[in-house]
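Enquirer: With the sequence up front, the predicted model follows.
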Amino acid sequence: MNAKSADTTPNGPRARGRELAVLVLCHLERFDAGEEGEARQLLWSSPPRGDEAGEDAFARLAEDADARAFADELVDAWVAAREGVDAEIGQASERWRLDRMDRVDRNVLRVATTELSVQPDTPRGVVLSEAARIARRYGSDRSARFVNGLLDAVAKRLSDPARVSRA
């Protein structure tokens with residue numbers, strides 16, 4: 001995953017934490033369910049050394065203790081609620097199965113959906129904006145639009161009062 005232009009650089013520790021959480025989830029996809037702890041420990045102890053352009057986005061983000069703590073919080077929440085989070089994304093997506101989505105797009109959606117679910121005080125617009133920023137930075141030319149549109153549908157589903165009363 002190559003990081004793109006500097007105009008997508010995260011400003012605060014929570015923004016850096018979201019980005020770091022996406023990178024961690026992309027790494028965890030290479031491991032079986034139940035191996036998340038060991039896989040994350042491996043990642044923290046031996047971070048990637050950078051891409052072809054020499055950028056070491058992961059190491060730079062992981063240096064920030066507050067960002068790493070927030071990333072761990074989001075990743076832990078996703079691991080605990082993986083099936084529900086993935087089901088929310090799948091239900092909001094009319095044309096794409098989760099396993100057919102680009103790895104970056106899928107994991108941006110997972111982090112953002114998790115945050116919308118477990119951090120209800122975070123403004124929806126912030127979560128959507130950050131997700132689009134991360135998708136733009138690490139995804140394809142179409143990622144930001146795709147993520148923003150699908151995440152908007154997820155956010156509407158999660159905030160539907162009728163849904164809460166049915167639960």
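Expert: Good, I have the coordinates. Please read these numbers as outputs of a predicted model, since none were measured by experiment.

Enquirer: so where's this protein uncertain?
Expert: Filtered on pLDDT under 70, the chain yields the residue ranges 1-10, 49-55, 162-167.

Enquirer: Do a quick rundown of the helices in it.
Expert: Ranges of helices within the chain are 13-28, 36-45, 57-62, 65-92, 103-118, 124-138, 143-158, 161-166, based on DSSP state H.

Enquirer: Can you lay out those helices as TSV showing mean neighbour count?
Expert: Using the backbone N, CA and C atoms, a C-beta is placed for each residue, glycine as well. As requested, the helices of the chain are exported to TSV (neighbours: other CB atoms under 10 Å):
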stretch	mean neighbour count
helix 13-28	24
helix 36-45	14
helix 57-62	19
helix 65-92	18
helix 103-118	24
helix 124-138	21
helix 143-158	18
helix 161-166	8
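
Enquirer: tell me, how many neighbours does the closest residue to residue 86 other than its chain neighbours end up with?
Expert: Distance criterion CB to CB, 6 or more residues apart in numbering; nearest residue to residue 86, sequence neighbours excluded, is residue 98 at 5.6 Å. The tally of other residues near residue 98 (other CB atoms under 10 Å) stands at 15.

Enquirer: And residue 98, how close does it get to residue 70?
Expert: According to CB to CB, to the nearest Å, residue 98 and residue 70 sit 24 Å apart.

Enquirer: isn't the residue nearest to residue 86 right next to residue 89, touching?
Expert: Yes. The pair residue 98 / residue 89 is scored as a contact, 5.8 Å apart, by CB atoms under 8 Å.

Enquirer: Now do the shared contacts for these two.
Expert: Taking CB atoms under 8 Å, 6 or more residues apart in numbering as the criterion, residue 98 and residue 89 both touch residue 106.

Enquirer: got the contact list for the residue nearest to residue 86?
Expert: Remark: with contacts taken as CB under 8 Å, 6+ apart, residue 98 is in contact with 86, 89-90, 106.

Enquirer: at 10 Å instead, please
Expert: Residues counted as contacts of residue 98 (CB atoms under 10 Å, 6 or more residues apart in numbering) are 85-87, 89-90, 105-106, 109-110.
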